[in-house]
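Asker: no sequence for this one, just the structure:
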């Protein structure tokens, strides 16, 4: 069973509730919406997840 975790930077107020959760799935990384955990999740390779984190930190994503 996957152990999902949310960033320590995630808040609990309505202005800080747009969070994702991640889980180590063994050979891949799972990503899901913390507000809708039963809606499913994305699965990325560790390399793709690392690239996503780098691009997010550089503000290169249109989210």
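Answerer: Noted; the coordinates are in hand. Because the structure is predicted, anything quoted here is derived from the model rather than measured. Numbering: from 1, shown residues only.

Asker: what's the nearest residue to residue 22 if we skip its chain neighbours?
Answerer: residue 31 (5.6 Å; CB to CB, 6 or more residues apart in numbering). (Glycine included, C-beta is placed from N, CA and C.)

Asker: identify the bridge partners of that neighbour.
Answerer: residue 22, residue 42 (DSSP bridges).

Asker: quick one: contacts for it?
Answerer: Applying CB atoms under 8 Å, 6 or more residues apart in numbering, one finds that residue 31 lies in contact with 20-22, 41-44, 49.

Asker: of the residues you listed, grab the buried ones for ChimeraX.
Answerer: Selecting only the buried entries of the contacts of residue 31 in ChimeraX, with 16 or more other CB atoms under 10 Å as the criterion:
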select :21,22,41,44,49
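
Asker: may I see the contacts of residue 31 arranged in TSV, with pLDDT and distance to residue 57 as well?
Answerer: Formatted as TSV, these follow (pLDDT from 0 to 100; distance: CB to CB, whole Å):
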residue	pLDDT	distance to residue 57
20	88	14
21	94	18
22	96	15
41	96	22
42	96	19
43	98	21
44	98	16
49	96	13
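
Asker: ok, the contacts of residue 31 vs residue 58, which is closest?
Answerer: Using CB to CB, residue 49 is the member of the contacts of residue 31 that lies nearest residue 58, at 15.2 Å.
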